[in-house]
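# sequence-free structure coming up:
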């Protein structure tokens, strides 16, 4: 639209589409954990088009995520990488003794 600015001056309120490299790396990291808003995706895309260093960082994050997913699948399929029952019980006992409740499952915090 005529007279409409795509990139507005940064007022410190987070209403600009232009990101610096630090903001871009933060958003790239957050995109691994949560869906980005349309504005965040647009801002990110705009910065990556102009910044080779951040674009390389984005490629590296994608590679690491894919590599971790591949290794996880391989580990789940390889019986040699599973803990035996004795080791599993020893870990559960150590978690219980350390105060972690909730059955000692990874990812569960202490009950409150």
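Yes, it's here. Here the structure is a predicted model, which means the values were calculated and not measured. Numbers count the residues shown, from 1 in each chain.
# Show me which positions of stretch 88-98 end up buried.
Residues of stretch 88-98 classed as buried by neighbour count (16 or more other C-beta atoms under 10 Å): residue 95. (Each C-beta comes from the backbone N, C-alpha and C, glycine too.)
# Give me the average confidence score over it.
For stretch 88-98, mean pLDDT is 90.
# what does stretch 31-41 give?
93.
# Now tell me what touches that stretch from outside.
With C-beta atoms under 8 Å, 6 or more residues apart in numbering as the test, stretch 31-41 has contacts from 17, 27, 30, 44, 61, 65.
# Most neighbours among the residues you listed, which one?
The most crowded member of the contacts of stretch 31-41, judged by other C-beta atoms under 10 Å, is residue 44 (21 neighbours).
# excluding its backbone neighbours, what's nearest it?
Spatially, and ignoring its direct neighbours in sequence, residue 44 is nearest to residue 27 (5.2 Å; C-beta to C-beta, 6 or more residues apart in numbering).
# Name the residues of the host helix or strand of that neighbour that are buried.
Counting by DSSP states H and E, the element that carries residue 27 is helix 21-30. Within helix 21-30, the residues scored as buried using 16+ other C-beta under 10 Å are 23, 24, 25, 27, 28.
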